[in-house]
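Participant: output the structure for:
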Amino acid sequence: MNTVIEIKAATKEEAIRRALKITEALEENIVKIVEKKKGISILGLSISGGLYEIEIDKNKVIKKESTEVLTNNKVKDLSGKEEEPKVRKEINNSSKESTKIEIKSEEEKFKEVKTEKRDEIEDFTEIIKEKSQILLDKMNLNLSVTVSKIYERTYIVNLHGEDNGIIIGKKGKTLNSFEYFLNSLFKRCRIEVDVEGFKEKRYDTLRDLAKKMAEKVVKTRKTLRLNPMPAKERKIIHEVINTYEVLNTFSEGKDPKRYIVIKYKK
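Facilitator: Numbering: from 1, shown residues only. All right, here's what the predicted structure looks like:
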């Protein structure tokens, strides 16, 4: 009877390696491999692993372990030397045709650790730097990365190099997209990305924009909808508009296309 193992892994090769390690089998013992769920990968980075069903021939596993012959209560190995019998594990043949073993992925095991203890021992600085550099290289951008942990799970990624203007993009849109993608990779962290102080200059520009839009709504009493922007930038707009007692602000839409509405109070 065969053993069927379900393994969640980033790649098929990793699934095979783990299955062989668990069953103590050889690669020749594999009867069938079925990819039940395909993993997700973006720019060569694994976002979620696939689910693989691997069938192992138990009889071949037994042959692999049996390199000895039992004679007259003694064990004779293939060289003809007799030894005392070794304790062998009995193989329990189930009445079912196959037994499925649920193998938890490393990510699932990690989730079982208490959050507060996890935060005390973990530092994502190096892995964030590594993944950021890989993304930039995939984009063919000549930029280097420095990462600083500023508070618990909050990190600042600073980019610098000759392709600064490209990664920033028009009004910082490319930079915002890069930041949004990094945060989607590290969901347990909060990551801010800046390029040689661009963000602070951008925030000053947003404060000026908020004041102009506020004055326009006060004058015309018509509702205004601003262009989509990330949460950090929307917060700056809200803070400025909230200083006007006759105005209300709220956000609509879903990230990354969420935008601010400025409305005159009736």
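Participant: when you work out contacts or count neighbours from here on, use the C-alpha atoms and nothing else.
Facilitator: OK.
Participant: where does the chain dip in pLDDT?
Facilitator: Residue ranges of the chain with pLDDT under 70: 39-49, 58, 60-121.
Participant: could you pull out the helices in it for me?
Facilitator: 12-23, 58-65, 106-111, 115-121, 125-138, 164-168, 173-185, 198-220, 231-241 (DSSP state H).
Participant: nearest to Ile5, of these?
Facilitator: helix 12-23 (7.1 Å; Cα to Cα).
Participant: what helices or strands is the closest one leaning on?
Facilitator: strand 2-9, strand 50-57 (3 or more Cα pairs under 8 Å, 6 or more residues apart in numbering; DSSP states H and E).
Participant: dump the C-alpha coordinates for stretch 135-150 into PDB.
Facilitator: Only the C-alpha atoms of stretch 135-150 are listed here, as PDB (Å, rounded to 0.1, in the frame of the first residue of the first chain):
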ATOM      1  CA  LEU A 135      13.000  44.000  -7.300                       C
ATOM      2  CA  LEU A 136      15.100  47.000  -8.400                       C
ATOM      3  CA  ASP A 137      17.500  44.700 -10.300                       C
ATOM      4  CA  LYS A 138      14.500  43.100 -12.000                       C
ATOM      5  CA  MET A 139      13.400  46.600 -13.000                       C
ATOM      6  CA  ASN A 140      16.900  47.200 -14.400                       C
ATOM      7  CA  LEU A 141      17.300  50.300 -12.100                       C
ATOM      8  CA  ASN A 142      20.800  51.300 -10.900                       C
ATOM      9  CA  LEU A 143      19.800  52.000  -7.300                       C
ATOM     10  CA  SER A 144      21.200  50.900  -3.900                       C
ATOM     11  CA  VAL A 145      19.100  50.200  -0.800                       C
ATOM     12  CA  THR A 146      19.500  51.000   2.900                       C
ATOM     13  CA  VAL A 147      16.900  49.900   5.400                       C
ATOM     14  CA  SER A 148      16.400  51.200   9.000                       C
ATOM     15  CA  LYS A 149      14.000  49.900  11.700                       C
ATOM     16  CA  ILE A 150      12.500  52.900  13.400                       C
END
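Participant: pull out the buried residues from that stretch.
Facilitator: Within stretch 135-150, the residues that count as buried by 16 or more other Cα atoms under 10 Å are 135-136, 141-148.
Participant: pop the domain breakdown of this structure in here.
Facilitator: 2-111, 116-196, 199-264 (automatic domain parsing).
Participant: show the end-to-end separation of the last one, please.
Facilitator: Distance between the two ends of domain 199-264: 29 Å, counting by Cα to Cα, to the nearest Å.
Participant: could I get the buried residues of stretch 135-150 in CSV, plus columns for distance to Val218?
Facilitator: Below are the buried residues of stretch 135-150 laid out as CSV (distance: Cα to Cα, whole Å):
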residue, distance to Val218
Leu135, 44
Leu136, 44
Leu141, 44
Asn142, 46
Leu143, 44
Ser144, 45
Val145, 44
Thr146, 44
Val147, 42
Ser148, 42
